[in-house]
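>>> What would the 3D arrangement of this be:
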Amino acid sequence: MTPLSPDRAETLALQVLAWVLGNDDLLPVFMGSTGAHEGDLRARAGDPVFLAAVLDFLLMDDAWVMGFCQSVGAEFDLPMRARAGLPGGDVIHWT
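Model prediction:
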């Protein structure tokens, strides 16, 4: 798996954030699980660590990943590759 560049990963994470914000069923789950408030979303949208958390949230459920990817016409592995390009996303190899 080749990680996305940090700039491209941040752009994709912003797309994910917009998708979550536009999803009436998923938005309360996101807000509840992250503890974020509406003001936090605007203030932290440029923070790579926050954007990594947005991707972590999406990656918790395959159906969410598929829904997002289908909505933007992306390959299903793109969110994982984006996550690898942001802080804390490096993959640990145990072998």
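
>>> Contacts only, for the nearest residue to Leu86 once chain neighbours are set aside.
Using Cβ to Cβ, 6 or more residues apart in numbering and skipping the chain neighbours, the partner closest in space to Leu86 is Ala52 (4.0 Å). Heads up, the C-betas are built off the backbone N, CA and C, glycines and all. For Ala52, the contact set (Cβ atoms under 8 Å, 6 or more residues apart in numbering) comprises 13, 83, 86-89.

>>> Can you tell me how far Ala52 is from Ala82?
Applying Cβ to Cβ, to the nearest Å, one obtains 9 Å for the distance of Ala52 from Ala82.

>>> which neighbours do these two share?
Listed as contacting both Ala52 and Ala82 by Cβ under 8 Å, 6+ apart are Ala13.

>>> re the thing from before, taking the contacts of Ala52 one by one, which sit in strands?
Nothing among the contacts of Ala52 maps onto strands, per DSSP state E.
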